[in-house]
Every structure is written in structure tokens, then in C-alpha cells.
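# Generate a structure from the sequence data that follows.
(one chain, ligands or ions: 1)
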Amino acid sequence: MTKRSATLIIDGQPHIELPMHSGTLGHDVIDIGSLGDHNVFTYDPGFSATAACQSDITYIDGEKGVLLHRGYPIEVLAEKSDYLETCYLLFEGYLPTADQKADFEKTIRYHTMVNRSMEQFISGFRYDAHPMAMLCGLVGAMSSFYHDSLDITNQQHRTISAHRLIAKMPTMAAMCHKHFIGQPYIYPDNSLSYAENFLHMMFSTPCEDYPVHPALTRAMDRIFLLHADHEQNASTSTVRLAGSSGANPFACIAAGIAALWGPAHGGANEAVLNMLSEIGDEKNIPKFVLKAKDKNDPFRLMGFGHRVYKNHDPRATVMRESCNEVLTVLGLENDPLFKLAKKLEQFALEDDYFISKKLYPNVDFYSGIILKALGIPVEMFTGIFATGRTVGWVSHWNEMITNAYRIGRPRQLYTGPALRDFPPIEER
Ligand code: ACO
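Predicted structure coming up:
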């Protein structure tokens, strides 16, 4: 194959030849790493046109609505696989055999408990602490419990840390919920599946077990699966950047959780439900849609639009299916809040503004509705997203450490004052 390059000419200076690289799929990239030698940097706030790394894990084609994990379409994984198998695929790079799958499930089960000191740690939080605030703290604190696996240059240590994170996230997320509602923590039951166990820890009490309908377990598993990874999004990029300094995996994942919390990212599923409550009634939909279209109003329809998907979000299609199934199983089709959500979806899908700007319901629109129908309080929504995404974060972190990497250190376009004299205080 001929080597391709791009030529950059700055103010008639001699040409700068920049090598180009091609991936397996997707756009070619221009390698600008040498530009610093020419005393010039590129400027791309928001990274709209910048590939910050090379990765084998996930591929997205936003125009065509394609999402592949290690080459497998998300729709196929949602239909034929389950969350833990997808975790194995993302982290290891290939689908497990039956024995490998069974071993992996056993390992994750084995690691579901957390150190009892974690309970005291959570008790220190105020009764109404947001679960994401607690999760950030708990995951960061994990580095103080597992000194035996913190050597990031050791693949075995990295794998054990990944297993611990995947296994303990549902336990910690459920503990945050129990603290929030003032109920005793429920220990994991290792005879249950990953999703079933999570619902058990969320909803059982020491006085009463919570029997879970298989359709609801399936929907929960799908929520984890559909959130498992999404390429170089804000939180994953944060994990990579934190990891590039050599920080331990728990510290890096805590940084990812913090980045996920924002309403433009993982906080959107919570924001969807808050928005639906604010809209309140079908008759108010046109007013809120007008607000969303008003350039002078910061209000946006939460759960609509995506930085990458400009056609449809393939996860949203699958999630929509699960959403309908859950509402039917729970007999909630006529619940006013869910009817309102359906009307809003229909209204926006037929509105010229949303059509022309390619703003479709994203995965969080439907996941928020499912979680609400399952009886999960909105404050927990982003923590559930974080639980599902942990495998993606840790897979990207592991990939980065495995390959050659340098500390991430973006440059800037400085627009502050030029050099100036320091005035004595009486002259200011
Ligand atoms: N409601 C109304 N208008 C919107 C919306 C929305 N939800 N989203 C984008 N727009 C408009 C913008 O005002 C902008 O209009 P303009 O071209 O006239 O200025 C145009 O569409 C493009 O929007 P950008 O903000 O430039 O798009 P960007 O790619 O930066 O943002 C984002 C994507 C953050 C997801 C945005 O669509 C948004 O805020 N959506 C609501 C929050 C949300 O649902 N986030 C979840 C993302 S999915 C996830 O994290 C799993």
C-alpha cells in the first residue's frame, strides 16, 4: 500500500509533510505529532476532529448508526450475548469459550463482596448524599484496600483490578442506594446472575426478598450491556488521561465516574426524568419544545441528540424495545409519565428543528424510562450507567498501559495578558 501523507503550508513557508495512518475502519488520520518541531500546534477544543489514541476495542460510525465492540455489532450482542460475556469480550478482545465464560462468571461472583470498612465509609456520607458523589469516593478508596494488585506494569495485577471493579461496582452502587433511602445494606447473593444480583441488592431487605421477573432481569442486563463501552467519550478519555500519569486503576475509574456525572454525558438519563416531571403534562410539550429550539434559552430536550450519532443511536433502538417490554410486563403503558415520554418522543421525531439537526432520542432517553419503571430512583440512574461502563473504562485503561503510551498533555491557545509589570498595591 502506498504511504499517504498530508502537506501543510504555513504562510508560504516550506511545506510540512505529515504522515497519514489508516485504521481497519473509519476515517484516516493525519499524524500531527511533529508539528511542535515547527513551533505550531493544532486547535480543536472539544476534540471534534482529533484522534487522541489508537484503539482496538470499539468502533462507531455515527453517520450510519453503527456500534461495534471488537467487531461485533451492538444489536447482535444485545440479542445473543449478555453483559458479563460482553465484559470478557471488551477486556480480553475475543469471545470466551464455554469454559472461559463459566470461569469468568465464577471469578466475578467471587469478587462481589466489599471490605466491611466500606460500610463505615458510606456511613460517613450525609443521609442525602448523591449516589455519584459516594461512588466517586468509594471507587477511589478501593486503591486503599487492594495493595496486592496495584502494580500497573503487571498484567495479572491489571486483570485482577479489572475483575474487582466489574464485580464490586453493583455492590457499591446498591449500597449507595441503601444509604440514600436509609435501609440496611444487602449482601450479594452469588447464586444469582449479575443483573439479578444487582436488583436483589437494590430491592431486597433483611425482612423480605425481592423476586425479580425474568423480563426485568433481562432489561437490567441490557442496560449494563448497552452502556458497556462507547469508544473515546468524555469519561473514557478522562480515564485514559488520568491513567497516562501512571495513576492506579481505581483512581482512574473514580476520575471517569466524575466525568460521567455531568448532564451532557451520563447525567442525561437522570436529567430526562427530571425534565419529564418539569413538563408535567402532554399539553405542555409544545411549550417545552419551543424552549428547546430557542437560541436564547439554555434549555435542551434531555435524552435527544448525540455528538457522534447523527442518524440514529443503535443502542437507543434496542433500548426502546426493552422499554416497551418492561412497560408491558409491569402494566405501566398507561402511566401518565410514560405516556408523556412517548408523546414527547413522537413530537420531537416529527418536528422540523429536530429532524434537520438530526436530533434523535439517545440511549439515555429510554434507559431513564426503564429504570424509573423498575422503581429505581432517578438519583441512581447515573450510578447504574457507571456500573455498566466500568468495563469499558478499565478495558481502555488496560489497552493504554499495554501499548506504548506517554503522559497526556494537551497544548493551548493562550489568550491571556502578555508579559506585564507587577504594580505595587497602592497603584492598582
Ligand atoms: N435539544 C435542543 N437542541 C439541541 C439539543 C437538544 N437536546 N442537542 C443539540 N441541540 C442543537 C444545539 O442547540 C445546536 O444548535 P445550533 O446548530 O443551532 O447551534 C445543534 O443542535 C448542535 O448541538 P451541539 O451542542 O453543537 O452538539 P454536540 O455534539 O456538541 O452535543 C449533546 C451533543 C451534548 C449530546 C447534545 O445533543 C445535548 O446536550 N443533548 C442533551 C443531553 C443528552 O441527552 N446527553 C446524552 C448524550 S448520550 C450519552 O452520554 C450516553
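# pretty sure Leu301 is in contact with Ala292, am I right?
Yes - with contact defined as CB atoms under 8 Å, Leu301 counts as touching Ala292 (4.5 Å). Just so you know, the C-beta spots here come from the backbone N, C-alpha and C atoms, and that holds for glycine as well.
# Could you report the pLDDT at the closest residue to the ligand within the stretch 251-400 of the chain?
Residue of the stretch 251-400 of the chain nearest the ligand, by CB to the nearest ligand atom: Gly305 (2.4 Å). As predicted, Gly305 sits at a pLDDT of 90.
# cool, and Thr2?
Per-residue pLDDT puts Thr2 at 61.
# Leu301 and Ala292: which is more packed in?
Neighbour totals were compared for Leu301 and Ala292, and Leu301 leads with 26 against 20 (other CB atoms under 10 Å).
# With the flanking residues excluded, which residue is spatially nearest to the residue of the stretch 251-400 of the chain closest to the ligand?
Spatial nearest neighbour of Gly305, chain neighbours left out: Leu359 (4.2 Å); criterion: CB to CB, 6 or more residues apart in numbering.
# Please list all residues in contact with that neighbour.
Leu359 makes contact with Leu301, Phe304, Gly305, Ala348, Tyr353 under the criterion CB atoms under 8 Å, 6 or more residues apart in numbering.
# Give me the neighbour count for the fourth one.
Counted with other CB under 10 Å, residues neighbouring Ala348 total 23.
# What does the pLDDT read for the closest residue to it other than its chain neighbours?
Spatial nearest neighbour of Ala348, excluding adjacent residues (CB to CB, 6+ apart): Phe354 at 4.6 Å. We have a pLDDT of 92 for Phe354.
# and Phe354, helix, strand or coil?
helix (DSSP: H, G, I helix; E, B strand; the rest coil).
# Let me know whether it touches Gln346 as I believe.
No - between Phe354 and Gln346 there is no contact under CB under 8 Å: 11.2 Å.
# Between the two, which is the more surrounded one?
A count of neighbours by other CB under 10 Å puts Phe354 above the other of Phe354 and Gln346, at 20 against 11.
# residue contacts, that one?
So Phe354 contacts Leu301, Phe304, Ala348, Tyr360 (CB under 8 Å, 6+ apart).
# How about Met302: what's its closest non-neighbour residue?
Ala271 (3.9 Å).
# I'd guessed the one you found sits against Ala264; true?
No - with contact defined as CB under 8 Å, Ala271 does not reach Ala264; the gap is 9.0 Å.
# The two: who's more crowded?
For Ala271 versus Ala264, neighbours defined as other CB under 10 Å are more numerous around Ala271 (22 against 12).
# Can you point out the helix or strand that includes that one?
Following DSSP states H and E, one finds Ala271 within helix 268-279.
# Many thanks, I have nothing further to ask.
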